[in-house]
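Peer 1: whatever this is, show me its structure:
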Amino acid sequence: MFRRKSQRPTKGSDLTAFIDEGSEIEGKYTFSGTVMLNGKFSGEIVSNDSLIIGEKGVVNATVRAGNVLINGEVVGNVFATERVELRGTARVYGDVEAPVVVVEEGVLFEGHCKMTKPQAADAAPTRDGTVVSLKR
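Peer 2: Residues are numbered from 1 along each chain as shown. Have a look, this model is predicted:
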């Protein structure tokens, strides 16, 4: 008679969190899903999913994620297991490392770029950024 509404699974493009431009955060931020950051962040960001840094976003951190899309400012190194995109108004001061790196015209990028081999689906990053295979 009564049906419980099932929660819809999160799609890769659905935002799971939004940090607006009035926010300032310090520390280590870990998340799952897709996060849009338009505020100020200092510290470290770690995830296996997607981080979008909006045009108003200012990040002073080491970033480790599956996908990283940057429209704002990043001071620090960016490591992605899948891809990094530096778009339109992006300003990046640090190294970028990912299997796929996209840099649009007009982006300011001061650092080194290293394109790595794609990680296997059964590999997991450790705290220090090295990859450990989960095959048995």
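Peer 1: chain center to stretch 70-86, what's the gap?
Peer 2: 6 Å (C-alpha atoms, centre = their mean, to the nearest Å).
Peer 1: what's the answer for stretch 86-105, then?
Peer 2: 12 Å.
Peer 1: please apply the same query to stretch 65-78.
Peer 2: Per C-alpha atoms, centre = their mean, the centroid offset for stretch 65-78 relative to its chain is 6 Å.
Peer 1: how about it, which residues are buried there?
Peer 2: Residues of stretch 65-78 classed as buried: 65-74, 76-78 (neighbour count, 16 or more other C-beta atoms under 10 Å). No exception for glycine: its C-beta is placed from N, CA and C like everyone else's.
Peer 1: and that stretch, how far apart are its ends?
Peer 2: Length of stretch 65-78, first residue to last, C-alpha to C-alpha, to the nearest Å: 8 Å.
Peer 1: which of the buried residues of stretch 65-78 sits closest to A90?
Peer 2: I70 (4.4 Å; C-beta to C-beta).
Peer 1: quick revisit: so which of the buried residues of stretch 65-78 are in strands?
Peer 2: If you go by DSSP state E, the buried residues of stretch 65-78 have 65-70, 73-74, 78 in strands.
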